[in-house]
Structure formats: C-alpha cells, structure tokens
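Engineer: model this:
(2 chains, ligands or ions: 2)
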Amino acid sequence: MKTNSTLKMKAENVRVFYGANEAIKGIDMNVYQNEVLAFIGPSGCGKSTFLRCLNRMNDTIDQCRVTGLIELDGQDMYDPRLDVVQLRAQIGMVFQKPNPFPKSIYDNIAYGPKLHGLASKKSELDDIVESSLQKAGLWKEVKDRLDQPGTGLSGGQQQRLCIARTIAVSPEVILMDEPCSALDPIATSIIEELIDELKANYTIVMVTHNMQQAARVSDRTAFFHMGEMIEIGSTTEMFTKPNNKRTEDYITGRYG
Amino acid sequence: MNKITGHYSHAYDDELNEAVDRLIRMGALVGEQLQDAIKAFIKGDRELASQVIQTDRKVNAQEIDIEEHCLDIIARRQPTAIDLRLIVGVLKSINDVERIGDQAEHIAKQLLDEDCQRPTDAQLEDIDMMGDKVLNMLQQALLSFQRMDPALALDVLKQDRLVDHDYGRILRHNLTYMLEDTRQITRGLHLIWVARALERIGDHAQNICEFSIFITKGRNVSHLTEDEVDAVVHDKV
Ligand SMILES: Nc1ncnc2c1ncn2[C@@H]1O[C@H](COP(=O)(O)OP(=O)(O)OP(=O)(O)O)[C@@H](O)[C@H]1O
Ligand SMILES: [Mg+2]
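Structural biologist: Ligands and ions are numbered 1, 2, ... in the order given. The predicted structure is shown next:
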C-alpha cells in the first residue's frame, strides 16, 4: 500500500503527565494526509492518551498536562489563541462505545453542523444529514426512520451513526479509539470497509486492540509500549518483518 | 536446537515446532531416499532402486500432511512476523524437499530403465563424490533450518558452486567418450542424467537455505549475489 506523503499532522517530543505520572514519554510522529494510521500496543501503554492529544481532548481532563509540539497543517494546535471548538470540527473523534445522543437519528447528525453554523436553511441541513449517512453507509437502513431515537439502532448501526455525526461537520482528520471493540464480526467488517472508503477524503488515526484489524485496514502502524512509541512503519513491514524485538514479541503474542 | 518459544500460548509454540519437526523428518526421509538412490546406481542394485521409487508415496503423503498442518496454523493463529515467515518457509521448503525426492527417484530409474553397459569404476567414483557433496548440502540445509542458523545456510549456498563444477566436468567427460565411441551413448546419457539430477538437488538444497535465511533475517535472498547474501546474513545491510 502506498501512502501519501503530504504531512497532515506532526508531533514532536510530546509528553503527557497525569499529575506526576508521565504517561507519554516524548513521542515524535508524522501523520500523512489520507492515510490510515493504526496505534497498537498493550493496555495502558498510552494509545488513547496520545490519540486524545491529537484533538486536545486531554484539555478536559483535570491534572493532565501536555508538553511538546503538535501541528495540524503546520499550525500549532496548542496555541492558546486557537479556537478549540473549531479545531474539534477539523479533527473528529469516534469512541469505543457507540455514544449517540438521546435524540433522533436526524438530530444526532444535525447537531454538529448547526453548532458550527454549516447550514442556514433546513434543506441544507437535510442534505448534510443525508450525505453524512450515505458516507457512513447507513442511509439505506435509516432513511425511513430519521425521527426515531439513535439509541434504538443496533451497536454496529450506532457506531456508523457516530461516524456519520463526525463526518457531518466536514472534518479533515478522524480519530477512532477502538471503534469496533463492541461490535460483532459483521458490523466490524462493515466499519472496516467504511474506513477504507473514508480514507479517500479523510486522514484516519485509529487505536485498535485487534492486530488483525490493524493489519487489514491501516497503511501504517505505530507500536506503543509503556508510554513510548517503539516503532512506526508500513503495516505490511510491521506484520512481516518488524524492526524491533519488542514489536515482534507483541505482535506474535510472545512475552518479552 | 533452536526451539520456537515465548508465545503466551504454549500450544502455539508446539504447533510451530511441530511444523519444523515434520519438515525435518520429511527431509530425513528424502535424504535416505537419495542416499539409497546413489548407492543403488553405483552398486547396480535393482532391488534397492525399486525401494527408492516406492518411497516416493510416503514422501508425497508427508508433504500433504505438513501442508495441512501449516494451513491449520494460518487459519487458527493468523501468524505474524517471524512466525509468518516460518510458516511460509516451511510451506515453500516442503516443495523443494519433495522435488529432491523426485530427483532421487529419477536417479534410481536410470538403473531400472535400460539394460546397458555398466559405467566404469572411475565414472562411478565421480558420481559417488558428487553425490556425497549433494547429500551433505541437503543435510546441512535441513540443519540450518532446524537451528535457524543463517551462517550455516550461507555455507551451503557457497558449496553449490562445487557441485555445479562437478556437473560440468562429468558432462564434458561423457560427451567426449560419446563422441569417440557411439556405443557409449546410452551409458553416457545415464551418467549425465544422474549428474544432472544431483545438480538439481543441489539447487533445491540451496532454496531451502534461502528460506531459512528469509525466516531469520526477513529478507528474500533468492536473487542476490553471494556477497549480498553474505551481507544480509551478517547484518551488514
Ligand atoms: N484520566 C486519567 N487520569 C490519570 N491517569 C490516566 C488517565 N487516563 C489514563 N491514565 C494513565 O495513563 C496511562 C496510559 O493510559 P491510556 O488509557 O492512554 O492507555 P491505552 O494504551 O489506551 O490502554 P487501553 O488499551 O487499555 O485502552 C495508564 O497508565 C493510565 O493509567
Ligand atoms: Mg485506550
């Protein structure tokens, strides 16, 4: 798989502290446009923490301090003058557990565009709702019940609803933290297929505990271990010939 | 011996070790078959030659058995990295081992097919020496696989030149005889075919070594020069 070489995001010497505990210990990383980048690594190694740095979700956690540089399109994301709400529209996030709002399917999607003033008329909003659901591969299944609650959908449908909700505000980057871990294999395959389609228009960074999933959907893979990024590279290379012994031990299911 | 260890699943360790063990066992069987084929040809032992031919069935059965074992591992374990390379290496190696068996059978058939003049002692001596080299290559190739020893594999790759040289020599000698005396053509051809089979076996042993280097070093060395392979084996690239 070839990857685009346009730099989308860049992290330099990123450290994250929860109080005195250093959870991320100086990570450098490039994220390229239109790639799918997967984070793998044992539980507690800092994947979610680092992912949250990429859209400043850590700001919402007390005691959490981030140092180093993170850029989006060459712009410092931690610049105090930056509008965080705007930033989150550029960088969407999908979580492990599907978390639709307790509102109708329509309102779940329309909420973001309304908030960001992306639609002035009802018809424009309708268009955004439809196209977002289309892109998330959910339109056909819900088009006749847009007024019903999003929470009434199946887990896999809910997750696609959350992806549609993320897409609705036209982000450039989509972050996903174990988006399939609560889904069955079929719903998982559908999401994976979706990720494959989405990467034509978005840059995707995802955390997964399912290594075969990383192998199936990502262009590049980064291996995290105890707050460090041990190795990053082409997914094929990573799964056939990793450079680092710790990576190899992890992906082959060995204790180090 | 370099046993595969360290997986959280011991059963997985065992399955991978079993794949290698079965390859080594199949290799040992083919090694015996080859040794018998050479012996039968040199001694003119027709009884032994027919045994060599019958061994083929056992070899084929083992090949299928190993293939199934590997498919099972792929389906259930989804091996990655060195484990994936190991399974691919085993799957490819059994193909070469099986072809070595075919060549051994071919050697044995040279004796059964025709009722021709026996080769001279000097001619048999040539085959005997070449056969020893090839057998040694095969045994070392299997050992390099079993021990995951790329340096030993490299050593075998280097030996192939000697075998090629032997083949060229036997070919030239026999061609000269055949040109001088047309009554020697049948006998000459048999000798050439045997030498050719041995030369091919050397190539198959080489392939097995290349797979063992692929497993340990993660690099496909099949189209590299000897110096380049040397660099891969000694981590100079
Ligand atoms: N809100 C928090 N407050 C304090 N410590 C935290 C917090 N979130 C995470 N940590 C700590 O930071 C480290 C990294 O956690 P993180 O959740 O990023 O790991 P992870 O790789 O995503 O793990 P998992 O695979 O289990 O989701 C852990 O030691 C964790 O205990
Ligand atoms: Mg996590």
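Engineer: CA atoms for contacts and neighbours, from now on please.
Structural biologist: Noted.
Engineer: A:Met93 is in what secondary structure piece?
Structural biologist: A:Met93 belongs to strand A:91-94 when assigned by DSSP states H and E.
Engineer: B:Leu16 too?
Structural biologist: Assigned by DSSP H and E, B:Leu16 belongs to helix B:10-43.
Engineer: swap in A:Ile24?
Structural biologist: strand A:21-32.
Engineer: report the buried residues of that strand.
Structural biologist: Buried residues in strand A:21-32, counted by 16 or more other CA atoms under 10 Å in any protein chain shown: A:22-28, A:30-32.
Engineer: measure the residue nearest to B:Lys109 when sequence neighbours are not counted to B:Gln117 for me?
Structural biologist: What sits nearest to B:Lys109 in space, not counting adjacent residues and going by CA to CA, 6 or more residues apart in numbering or on different chains, is B:Ala49, at 7.1 Å. B:Ala49 sits 17 Å away from B:Gln117, taking CA to CA, to the nearest Å as the criterion.
Engineer: quick one: which of those two has more around it?
Structural biologist: B:Ala49 (26 against 11; other CA atoms under 10 Å in any protein chain shown).
Engineer: report the central residue of chain B.
Structural biologist: Nearest to the geometric centre of chain B sits B:Ala205, at 3.8 Å (CA atoms, centre = their mean).
Engineer: how far off centre is the strand holding A:Met93?
Structural biologist: Remark: strand A:91-94 is offset 5 Å from the chain centroid, using CA atoms, centre = their mean, to the nearest Å.
Engineer: quick check: neighbours of that strand in the sheet, parallel or antiparallel?
Structural biologist: Using DSSP bridges, strand A:91-94 pairs in its sheet with strand A:173-177 (parallel).
Engineer: quick one: residues contacting B:Gln56.
Structural biologist: Slight slip there: residue B:56 is Asp, not Gln. For B:Asp56, the contacting residues are B:101-102, B:105, by CA atoms under 8 Å, 6 or more residues apart in numbering or on different chains.
Engineer: my guess is A:Tyr78 contacts A:Ile70. True?
Structural biologist: Yes: under the criterion of CA atoms under 8 Å, A:Tyr78 makes contact with A:Ile70 at 6.9 Å.
Engineer: those two: who's more crowded?
Structural biologist: The neighbour count for A:Tyr78 versus A:Ile70, taken as other CA under 10 Å, is higher for A:Ile70 (26 against 21).
Engineer: helix or strand: which one has the more buried one?
Structural biologist: strand A:64-72.
Engineer: and the angle for that strand with strand A:173-177?
Structural biologist: 140 degrees (axes from the mean of the first three to the mean of the last three CA atoms, to 10 degrees).
Engineer: state the next helix or strand along the chain beyond strand A:64-72.
Structural biologist: Sequence order places strand A:75-76 as the next helix or strand after strand A:64-72, per DSSP H and E.
Engineer: helix, strand, or coil at A:Leu82?
Structural biologist: coil (DSSP: H, G, I helix; E, B strand; the rest coil).
Engineer: which element is residue 124 on?
Structural biologist: Went with chain A since none was named. Short version, using DSSP H and E: A:Glu124 is in helix A:122-135.
Engineer: wrong chain, I was asking about chain B
Structural biologist: Counting by DSSP H and E, the element that carries B:Leu124 is helix B:121-147.
Engineer: report all helices and strands that the following helix or strand past that helix contacts.
Structural biologist: Later in the chain than helix B:121-147, the nearest helix or strand by DSSP H and E is helix B:150-180. The contact analysis (3 or more CA pairs under 8 Å, 6 or more residues apart in numbering or on different chains; DSSP states H and E) places helix B:150-180 against helix B:121-147, helix B:185-217, helix B:226-233.
Engineer: circling back to that earlier point, now do the helix or strand just after the strand holding A:Met93 against helix A:122-135, angle only.
Structural biologist: Downstream of strand A:91-94, the next assigned helix or strand under DSSP H and E is helix A:105-115. If you take the same axes, to 10 degrees, helix A:105-115 sits at 120 degrees to helix A:122-135.
Engineer: could I get the buried residue list for helix A:105-115?
Structural biologist: By neighbour count with 16+ other CA under 10 Å, helix A:105-115 contains the buried residues A:105-113.
Engineer: hang on, A:Leu133 packs against A:Trp139?
Structural biologist: Yes: using CA under 8 Å, A:Leu133 makes contact with A:Trp139 at a distance of 4.7 Å.
Engineer: okay, the two: which has more neighbours?
Structural biologist: A direct count of neighbours by other CA under 10 Å for A:Leu133 and A:Trp139 places A:Leu133 higher, at 27 against 19.
Engineer: check contacts around residue 209.
Structural biologist: In the absence of a named chain, chain A is used. Counting by CA under 8 Å, 6+ apart, A:His209 has contacts A:40-42, A:178, A:181.
Engineer: actually, chain B is the one I wanted.
Structural biologist: Neighbouring residues of B:Cys209 by CA under 8 Å, 6+ apart: B:141-142, B:144-145, B:150, B:153-154, B:156-157.
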